[in-house]
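Novice: Let's see this in three dimensions:
(one chain, ligands or ions: 1)
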Amino acid sequence: MKAVLIVTRTFGKYSSEPIDLLKSNGFHLEYSETLDVDLLKGFDAIILGTVKLSGDAIQSSSLKIIARNGVGVDNVDLRVATQMGIPVTITLNANTISVAELAIGLIFLLSRKLVNVHNDLYQRKKFSPSIGIELFKKTLGIIGFGAIGKEVAKRALCLGMEVLACDPYISKEVMGQYSVEQVDLENLLKRSDFVSLHLPLNQSTRRLIGERELAMMKKTAFLINTSRGGIIDETALVEALKKNQIAGAALDAFEFEPLPENSILYDCPNLILTPHIGAHTYEAIYKMNMMAAQSVIDFFNKRLPKHIANPEVIDRLLQQGFSQ
Ligand code: NAD
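Specialist: Coordinates of the predicted model:
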């Protein structure tokens with residue numbers, strides 16, 4: 001019997017279907033919230049949330065497949081997995097709508113200062129309407145025009161916003177099909193009233209938004225990050241907010257998670273924090289869980305799982321008799 005280690009708190013939490021699916025296909029399941037090098041010995045597969053899976057842990061494991069319960073692979077040592085011929089699968093598009101809706105929700109919170117006015121009234125009984133702005137005819141700049149970025153663009157256009165996007169890997173023509181103007185990063189930062197991040201964290205995007213980039217933004221502009229924490233220099237952001245260099249920010253992802261108790265992000269003006277809830281909807285979790293479970297089942301039935309994040313392993317799998 002093949003053994004699967006589940007290292008993600010949401011797997012099977014709201015529906016038993018993904019657990020039933022694996023069990024009815026003959027898999028034995030075990031659960032852990034953390035990972036260490038020795039824990040992975042004896043497991044054939046892992047279904048992994050955002051806990052870090054190091055190269056050392058992969059190397060000393062008996063894993064044949066790593067199934068991410070999500071789309072980012074920044075917590076997996078892809079290089080080592082690829083060297084060992086282990087496919088790393090992602091649950092492509094399962095949480096796209098949920099994250100896009102959260103980004104739009106955060107834009108609304110910021111534009112009307114909804115968190116502040118709620119706290120004033122609810123906690124302090126202070127009936128003091130504050131002034132906000134309309135989204136209509138404002139400019140949204142999207143950095144990273146992939147699956148989520150496109151869904152955010154569609155929703156923003158419905159609200160009557162102008163949408164700019166910056167993505168070195170997506171053509172002007174594709175952006176044009178979405179009625180989005182292609183711009184470079186500097187142009188986007190200078191022209192946008194809202195800047196929303198939807199790109200992966202990797203070596204070239206780490207600290208992409210730092211002091212210099214924040215200084216390019218309008219004083220009235222807002223920054224929204226529902227992608228990955230390391231993309232923003234958090235110290236520079238706190239400085240910019242304290243100096244009113246930008247009007248506000250909303251973050252769903254952080255350099256260190258869970259957010260440490262001594263984080264400088266607490267007690268910072270005009271900053272909204274959410275605890276990495278982008279994909280936390282019943283719909284997204286169900287889709288992610290079922291797709292991750294199916295990847296594991298497909299793999300052990302010698303079928304190529306869908307959405308392999310390290311396609312370099314595919315040839316090797318085909319040579320081993322896997323079918324497409
Ligand atoms: P995607 O791969 O479809 O899109 C990412 C886009 O970013 C791609 O089009 C890519 O070309 C672009 N990109 C890469 N480097 C860039 C750069 N330097 N500048 C501008 N664009 C760049 O991924 P997606 O499904 O749209 O997800 C985007 C990110 O959102 C993920 O990488 C993940 O980190 C994050 N995410 C967060 C949550 C959450 O819970 N908050 C949930 C899902 C995904």
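
Novice: Check which helix or strand the residue of the stretch 201-324 of the chain found nearest the ligand maps to.
Specialist: Of the residues in the stretch 201-324 of the chain, the one nearest the ligand is residue 278, at a distance of 2.4 Å by CB to the nearest ligand atom. Yep, even glycine has a C-beta here, placed from its N, CA and C like the rest. Residue 278 belongs to no helix or strand when elements are defined using DSSP states H and E.

Novice: residues contacting it?
Specialist: The contact partners of residue 278, by CB atoms under 8 Å, 6 or more residues apart in numbering, come to 95, 98, 99, 102, 226, 252, 253.

Novice: biggest separation within these, which pair?
Specialist: 98 and 253 (13.8 Å; CB to CB).

Novice: Could you list the residues in contact with stretch 204-215?
Specialist: Contacts of stretch 204-215 (CB under 8 Å, 6+ apart): 143, 185, 189, 197, 199, 223, 230-233, 236-237, 239-240, 245-246.

Novice: 6 Å - rerun?
Specialist: The contact list for stretch 204-215 (CB atoms under 6 Å, 6 or more residues apart in numbering) reads 189, 199, 230, 231, 232, 233, 236, 240.

Novice: The residue in the stretch 101-250 of the chain positioned nearest to the ligand: how many residues sit nearby?
Specialist: Residue of the stretch 101-250 of the chain nearest the ligand, by CB to the nearest ligand atom: residue 146 (1.7 Å). Counted with other CB atoms under 10 Å, the neighbours of residue 146 add up to 18.

Novice: that older thread, so which of the contacts of stretch 204-215 would count as near the ligand as well?
Specialist: residue 199 (CB under 6 Å from any ligand atom).

Novice: Grab the two from the contacts of stretch 204-215 that are most spread out in space.
Specialist: 199 and 240 (19.7 Å).

Novice: List the contacts of residue 10.
Specialist: Taking CB under 6 Å, 6+ apart as the test, what residue 10 contacts is residue 285.

Novice: Not counting the host helix or strand of residue 103 itself, show me its contacts.
Specialist: Assigned by DSSP H and E, residue 103 belongs to helix 96-111. Helix 96-111 has contacts (CB under 6 Å, 6+ apart) with 115, 132-133, 135, 147-148, 151-152, 155, 194, 196, 222, 224, 226, 248, 250, 272, 278-279, 281, 284.

Novice: tell me which residues of that helix are tucked away?
Specialist: Using 16 or more other CB atoms under 10 Å as the test for burial, helix 96-111 gives 96-104, 106-107, 109-111.

Novice: excluding its backbone neighbours, what's nearest the residue of the stretch 201-324 of the chain closest to the ligand?
Specialist: residue 99 (4.0 Å; CB to CB, 6 or more residues apart in numbering).

Novice: Residue 66 now?
Specialist: Using CB to CB, 6+ apart, the closest residue to residue 66 is residue 88 (4.6 Å).

Novice: neighbours around that neighbour, how many?
Specialist: Counted with other CB under 10 Å, residue 88 comes out at 26.

Novice: What of the one 4 residues further on?
Specialist: Under the neighbour criterion other CB under 10 Å, residue 92 is assigned a count of 16.

Novice: Might one say that it is in contact with residue 308?
Specialist: No: between residue 92 and residue 308 there is no contact under CB atoms under 6 Å: 10.1 Å.

Novice: ok, now how distant is the most centrally placed residue in the chain from residue 39?
Specialist: Centrality entry for the chain: nearest residue to the mean C-alpha point is residue 227, 4.1 Å, by CA atoms, centre = their mean. Using CB to CB, to the nearest Å, we find residue 227 at a distance of 29 Å from residue 39.

Novice: ditto for residue 272
Specialist: Residue 272 is 36 Å from residue 39, by CB to CB.

Novice: what's the answer for residue 69, then?
Specialist: From residue 69 to residue 39 the distance is 17 Å (CB to CB).

Novice: Could you check the angle the lengthiest helix in the chain makes with helix 96-111?
Specialist: Looking across the chain with DSSP state H, the single longest helix is helix 282-300. Orientation check (axes from the mean of the first three to the mean of the last three CA atoms, to 10 degrees): helix 282-300 against helix 96-111 gives 150 degrees.

Novice: roughly how far is helix 282-300 from the heart of the chain?
Specialist: 17 Å (CA atoms, centre = their mean, to the nearest Å).

Novice: CA atoms only for that helix, dumped as CSV, please.
Specialist: What follows is helix 282-300, C-alpha atoms only, in CSV (Å, rounded to 0.1, in the frame of the first residue of the first chain):
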residue,chain,number,x,y,z
TYR,A,282,-14.7,26.3,0.2
GLU,A,283,-14.6,26.3,-3.5
ALA,A,284,-10.8,26.8,-3.9
ILE,A,285,-9.9,24.4,-1.2
TYR,A,286,-12.2,21.6,-2.6
LYS,A,287,-10.7,22.1,-6.1
MET,A,288,-7.1,22.2,-4.8
ASN,A,289,-7.6,19.1,-2.6
MET,A,290,-9.2,17.0,-5.4
MET,A,291,-6.6,18.0,-8.0
ALA,A,292,-3.7,17.2,-5.6
ALA,A,293,-5.3,13.8,-4.8
GLN,A,294,-5.8,13.1,-8.5
SER,A,295,-2.2,13.9,-9.3
VAL,A,296,-1.0,11.3,-6.8
ILE,A,297,-3.5,8.7,-8.1
ASP,A,298,-2.6,9.4,-11.7
PHE,A,299,1.1,9.1,-10.9
PHE,A,300,0.8,5.6,-9.3
